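Visitor: Let's see this in three dimensions:
(chains A and B)
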Amino acid sequence: MFHRRLKEKGIEIGLFLAAATTVVVLLFICIFLFRDGYLLFETSSFTGFITGSSWYTASTPPRFGILPLLFGSFLVTAGAIAIAVPLGLAAAIYISELASPKIADLLKPFIEILAGIPSVVYGFFGLVVLVPLIKDIFDIPTGQTALTGSIMLAMMALPTIISISEDAINAVPLALKEGSLALGSTQWQTIYKVTLPAALSGISAAVILGVGRAIGETMTVLMVTGNMAIIPGFPEGFLDPVRTMTATIALEMGEVPKGSPHFHALFAVGSVLFITTFIINMVADRIKRKYKLKEGL
Amino acid sequence: MSEINNFADIEVEDLNLWYGSNQALQDINIKIPSKSVTALIGPSGCGKSTFLRCINRMNDLIKVCHIEGRVKIDNKNIYDEDVDVVELRKKVGMVFQKPNPFPMSVFDNIAYGPKIHKVPKKDIKGIVDKTLQDSALYGEVSDRLDSSALDLSGGQQQRLCIARTMAVEPEIILFDEPCSALDPISTNKIEDLILELKKDYTIVIVTHNMQQAARISDYTAFFLMGKIIEFGETNQIFENPKEKRTEDYITGRFG
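Guide: Numbering: from 1, shown residues only, chains lettered A, B, ... in the order given. Coordinates of the predicted model:
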């Protein structure tokens, strides 16, 4: 009797430790990321980092201004969202409301495959196909631009946006659609006046998660955006090379001496990236939870 | 089957309906009189809801559904090629089993129909007020027109759905067990409303509640296994049914 209870307790503790691992890992990542990032401010100023408009790591003294990288990331992400949201939403509406089950079943595996392609393969495709294409279309010196990165990221964010929006649209009760149709509205009126508004919170969550996916993506943008650390203009900056936060870390981490100011600067950039994606995921989660509550009605 | 010599709004001739290979309605012939309440009764799965959904072509949404025969409204077969389903559903409104207000304000719920049918903006407020008054909902919700329809009680939601249907000015209103999700007091209010509505509309109501059929309908059709067994004035059906099966069902011997 006593032994059995001890055994039960032991199993419970074992499972608890397994679950706790994830929390511990996250905690350690936070601690090391923020600590090494913080050490930058022993040699250079915090405002210089947050508001600095130049990222010159080789100058003396080196200048670690995050703005070119931050704007680079935002520009590429904004472009990706501008492309992926209309496209993804249209695809989700088509699959869930208009396509016959046969066609929907045919389309869905393709979207899932799209989600499973490694990012380096996307980058390779972008480099070989899209970069020359952008160069020719706009007649510019290089095809490695923010726009190129946006298009690639849009393709990568599409599966997320489509599948989550589709779930949200499918979750709208049939009774609502019937109520609308019974009043003599057309299928299209029903979709955009009743179904889409009812699915709006789910769709917003899809968009925000798509943003999160795009902003954290590294390999693809590194391969197709040209990596020039200058603050891009808007909107003409889309046709210039840009450098994102992720690409900067990936490019420079291998060659910095451990413990140098440059090393800590990269950790500081990583911290900003971490905080950004953390906020994005939290907002998406909040919206999704609210939308689940509504569904319960 | 008894003939009713009243002006008929809905004339159904030799209607047969299949879901895939499964026949759900068989040789339905019925003339539903104008400006009156016709109740469809029968055990679950007898085809009465299916029949109701034939009258506004709601069954079009079901891909495996196949229909033969004619349903004439104002002497026009609604299954003819040239019929505009949108116009048909404007003329034949429907209230569902579970209240299904749109997740928008009370006002917008009622304004929805007129808006999609391109009623000028300046007239909409008037329509909403009038409809709310006609549906006896005005006193209860007049100060909450801008709050979400989902915050109303179930009974109020259902009356809102009726009001929403009235706002597009149909000729016929179909009710698919409108009270089955409601408490007795709400049910009472809806029954009163339906009695009021029959002055202006032709009403067809599916109900599982025998007493309800007896209370509010002028005519009753008894469905069994996809066929109409008996159709006549409600008094006659309940007091002096011609068919043994009708009597058995009404007296609760089966179903």
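Visitor: Find the nearest non-adjacent residue to residue 210, please.
Guide: Picked chain A for this. In space, residue A:210 comes closest to residue A:157 once its chain neighbours are excluded; the distance is 4.0 Å by CB to CB, 6 or more residues apart in numbering or on different chains. Every C-beta, even on glycine, is put in place using the N, C-alpha and C of the backbone.
Visitor: try again with chain B
Guide: residue B:250 is the one closest to residue B:210 (CB to CB, 6+ apart), at 6.2 Å.
Visitor: same deal with residue A:141?
Guide: Nearest to residue A:141 is residue A:135, by CB to CB, 6+ apart, at 7.8 Å.
Visitor: so which helix or strand takes in the one you found?
Guide: Using DSSP states H and E, residue A:135 falls within helix A:131-138.
Visitor: Who are the packing partners of that helix?
Guide: On a contact count with 3 or more CB pairs under 8 Å, 6 or more residues apart in numbering or on different chains; DSSP states H and E, helix A:131-138 meets helix A:146-170.
Visitor: For residue 72, grab phi and psi.
Guide: Let's take chain A. phi -60, psi -50 (degrees, to the nearest 10).
Visitor: not quite, I wanted chain B
Guide: phi -100, psi 130.
Visitor: And the closest residue to it other than its chain neighbours, how close does it get to residue A:290?
Guide: Closest residue in space to residue B:72, ignoring its immediate chain neighbours: residue B:11 at 4.3 Å, by CB to CB, 6+ apart. From residue B:11 across to residue A:290, the span is 50 Å (CB to CB, to the nearest Å).
Visitor: just to revisit the earlier point, other residues contacting the helix holding residue A:135?
Guide: A:140-145, A:147-148, A:224, A:239 (CB atoms under 8 Å, 6 or more residues apart in numbering or on different chains).
Visitor: and chain B, which residues reach chain A?
Guide: B:56, B:58, B:61, B:63, B:86-90, B:93-94, B:96, B:98, B:100-104, B:112-113, B:116-117, B:150, B:161, B:164-165, B:168 (CB under 8 Å from any CB of the partner chain).
Visitor: Make a ChimeraX selection of the buried ones in those residues.
Guide: Burial among the residues of chain B next to chain A is assessed by 16 or more other CB atoms under 10 Å in any protein chain shown; the matching ChimeraX selection reads:
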select /B:56,58,86,88,89,90,93,94,96,98,100,101,102,103,104,112,113,116,117,150,161,164,165,168
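Visitor: so what's the residue nearest to residue B:210 up against?
Guide: Applying CB under 8 Å, 6+ apart, we find residue B:250 in contact with B:210, B:222, B:237-238, B:241.
Visitor: Which ones among these map onto strands?
Guide: residue B:222 (DSSP state E).
Visitor: can you list the contacts of residue B:250 in JSON lines and add pLDDT?
Guide: Shown next, in JSON lines, are the contacts of residue B:250 (pLDDT from 0 to 100):
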{"residue": "B:210", "pLDDT": "91"}
{"residue": "B:222", "pLDDT": "96"}
{"residue": "B:237", "pLDDT": "95"}
{"residue": "B:238", "pLDDT": "94"}
{"residue": "B:241", "pLDDT": "93"}
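Visitor: Among the contacts of residue B:250, name the buried ones.
Guide: B:210, B:222, B:237-238, B:241.
Visitor: where does the chain have low pLDDT?
Guide: Just going to use chain A. Applying pLDDT under 70 to chain A flags the ranges A:291-297.
Visitor: please go with chain B instead
Guide: B:1-8, B:254-255.
Visitor: give me the residue from it nearest chain A.
Guide: With CB to the nearest CB, the shortest gap between chain B and chain A falls at residue B:90, namely 3.5 Å.
Visitor: That residue is in contact with residue A:181, isn't it?
Guide: No: with contact defined as CB atoms under 8 Å, residue B:90 and residue A:181 do not form a contacting pair (11.1 Å).
Visitor: if I look at these two, which residues touch both of them?
Guide: Counting by CB under 8 Å, 6+ apart, nothing touches both residue B:90 and residue A:181.
Visitor: for the chain, what spans make up the strands?
Guide: Let's take chain A. Going by DSSP E, chain A shows strands at A:55-56, A:63-64.
Visitor: Chain B was what I was after
Guide: According to DSSP E, the strands that chain B contains are B:8-19, B:22-33, B:37-41, B:65-73, B:76-77, B:92-95, B:172-176, B:202-206, B:219-224, B:227-233.
Visitor: out of the ones you listed, nearest to residue A:18?
Guide: Across the strands of chain B, residue A:18 has its closest neighbour in strand B:8-19 (49.9 Å, CB to CB).
Visitor: partners of the closest one in the sheet?
Guide: Strand B:8-19 pairs in its sheet with strand B:22-33 (antiparallel), strand B:65-73 (antiparallel), by DSSP bridges.
Visitor: what angle do it and strand B:202-206 make?
Guide: On the basis of axes from the mean of the first three to the mean of the last three CA atoms, to 10 degrees, strand B:8-19 is oriented at 30 degrees to strand B:202-206.
Visitor: Next, the angle strand B:37-41 makes with strand B:8-19.
Guide: Using the same axes, to 10 degrees: strand B:8-19 against strand B:37-41 is 20 degrees.
Visitor: buried stuff in strand B:8-19?
Guide: B:8-12, B:15, B:17-18.
Visitor: do the same with stretch A:28-45
Guide: The neighbour-count check on stretch A:28-45 (16+ other CB under 10 Å) flags A:33-34, A:36-37, A:39-41, A:44 as buried.
Visitor: same deal with stretch A:54-69?
Guide: Across stretch A:54-69, burial judged by 16+ other CB under 10 Å covers A:55, A:57, A:63-69.
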